[in-house]
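Trainee: Okay, here's the prediction I keep looking at, along with the sequence it came from:
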Protein chains: 2
Amino acid sequence: MKPKAAPLARELRDRLEGEILSGQRPPGSRLDESKLAQHFGVSRTPVREALRELAAADLVVLRPRQGAVVATVTVTQLLHMFEVMAELESFCAKLAARRMSAEERDQLLQVHEDCRELAEKGEAHAYYDANRCFHEVIYAGTHNTYLEETTRNMRNRLQPYRRFQLHHPGRTMKSWKEHRAVVDAILDGNAEAAAKAMSHHVTIQGDVFTDLISALPESYVHAMTA
Amino acid sequence: MKPKAAPLARELRDRLEGEILSGQRPPGSRLDESKLAQHFGVSRTPVREALRELAAADLVVLRPRQGAVVATVTVTQLLHMFEVMAELESFCAKLAARRMSAEERDQLLQVHEDCRELAEKGEAHAYYDANRCFHEVIYAGTHNTYLEETTRNMRNRLQPYRRFQLHHPGRTMKSWKEHRAVVDAILDGNAEAAAKAMSHHVTIQGDVFTDLISALPESYVHAMTA
DNA sequence: TTGTAAAATCTTGTATACAAGGCTGGACAG
DNA sequence: CTGTCCAGCCTTGTATACAAGATTTTACAA
């Protein structure tokens, strides 16, 4: 009935978000309204609105009278964000263990198998996508759409930085083994174990975080203010 | 040096947010761009940008080509949001118990005392504000600014609905006693106990949530879709 | 009277024009 | 040579005009 209803600004938002998340527009890069408008062949108005929405999602920073740049964070902020992320993901796993239906558990196992194949083949990039699927299945398993969205937003916000995490050789296989602990706990219906396993998987403790920080281009983070 | 730098749209955003959170503009009420522009004596442009920002904070809903309304939720969504809220607040308490400095612990005790006075006097409205302070002190105690902001946003999002919660007679005193459990645990440095006590305080389990739902005006929630 | 359909009106979406604050570069003084 | 200040330009912020979709009203027919 309604094949098209194109809110132009929304489309811009999605395209820009994609370009940011994909690393095409790295943290710190300027977002000139006029240039963007020209680039997309529209006027400044929808561009501004798209930028506002991205700013609200913390993907870009809007300094009054000084224009927009792709969000850059300090190492401290990154640490804080990972801490919240870990808690949310952990909570998702906990609820999933309690609430997943039989079909959802099957699906979880299926995605987990897909991940295994890619991990064994060492296809880091494909594993990266499959990993996202894995987490999405768990989000859905919480049966809490608000938590789902909140956690997904959190994940998106960190995406430009996580990108570097899995590219180390051997990391994918290690990641998959961590997944397995989560899957086992969820299938057992052991909520506490699931939470703990997930927390371990995405945690900043251990060497994962340090590896990540070390791998980041310097331009991705700005100097600490304190 | 720079006493004023007024980004007009920002001011609008804050004023509108205030009017929404205070209940002056209840969930479901329409937000006509032209009327708002006229009301505030500005053009539609900054109004639109303010609405976009509020929409990103989930305080208003923007249906394409159909205008903006103050966000309305289903009972299910409300339940989901309270579940996430409880987890975040609980996590804040846990971290606060581990990280609060001596000064911050003193401050917590101080605010707690203020709450006691108001609770004993039965001044529900003033207690309401003091309660917010109490939670803010705990947020600060996490030493994680990102968690702080995330939890505060979550709390704001629920504010229009929480408003009805504490107005029942005896609720303030009960709330204060729940606070006490949190304070004791934090001062003891018992992270797990603090998390549990806070979870209990803001939890949807028990009769608090049902009371809240029952007290809500019908217009505040819309019919369940399923 | 009621239902449908079309037109008028009103609202939002987009583009453009204008105003105002910040940045860059050069000139001048120390 | 270096630092400061001023002027011009460039970017963002705001207003207004125009286009397109949605709602309402009204007319007509069953």
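Mentor: All right, it came through fine. All figures in this text were calculated on a predicted structure; none of them were measured in a lab.

Trainee: Spell out which parts of chain A neighbour DNA strand D.
Mentor: For chain A, the residues in contact with DNA strand D (C-beta under 7 Å from any atom of the strand) are A:2, A:5, A:31-34, A:44-45, A:48, A:62, A:64-68. Quick note: C-beta positions are derived from backbone N, CA and C, even for glycine.

Trainee: Which of those scores worst on pLDDT?
Mentor: Within the set of the residues of chain A next to DNA strand D, pLDDT is lowest for residue A:2 (40).

Trainee: Residue A:120: neighbour count?
Mentor: Residues near residue A:120, counting by other C-beta atoms under 10 Å in any protein chain shown, number 12.

Trainee: The one 3 residues further on now?
Mentor: When neighbours are defined as other C-beta under 10 Å, residue A:123 has 14 of them.

Trainee: any idea how far the residue lying closest to it once chain neighbours are set aside lies from residue B:72?
Mentor: Spatial nearest neighbour of residue A:123, excluding adjacent residues (C-beta to C-beta, 6 or more residues apart in numbering or on different chains): residue A:172 at 7.9 Å. Residue A:172 is 44 Å from residue B:72, where distance means C-beta to C-beta, to the nearest Å.

Trainee: closest to chain B among the residues of chain A next to DNA strand D?
Mentor: Distance ranking of the residues of chain A next to DNA strand D against chain B, using C-beta to the nearest C-beta, places residue A:64 first at 4.4 Å.

Trainee: My understanding was that the closest one contacts residue B:8; is that so?
Mentor: No: using C-beta atoms under 8 Å as the test, residue A:64 is too far from residue B:8 to be in contact (9.9 Å).

Trainee: Would you mind telling me which of the two has the busier surroundings?
Mentor: Set residue A:64 next to residue B:8 and count neighbours by other C-beta under 10 Å: residue B:8 wins out with 16 against 11.

Trainee: need the contact list for the more buried one.
Mentor: B:42, B:46 (C-beta atoms under 8 Å, 6 or more residues apart in numbering or on different chains).

Trainee: For it, what are phi and psi?
Mentor: Per-residue torsions, residue B:8: phi -40, psi -50 (degrees, to the nearest 10).

Trainee: ok, back up a step: can you tell me which of the residues of chain A next to DNA strand D end up in helices?
Mentor: Of the positions in these, A:33-34, A:44-45, A:48 sit in helices, assigned by DSSP state H.

Trainee: Where does residue A:159 sit, in terms of helix or strand?
Mentor: Here residue A:159 sits within helix A:145-162, counting by DSSP states H and E.

Trainee: Break down chain A into its helices, ranges please.
Mentor: Applying DSSP H to chain A gives helices spanning A:8-21, A:33-40, A:44-56, A:75-99, A:102-121, A:124-141, A:145-162, A:171-188, A:191-202, A:208-215.
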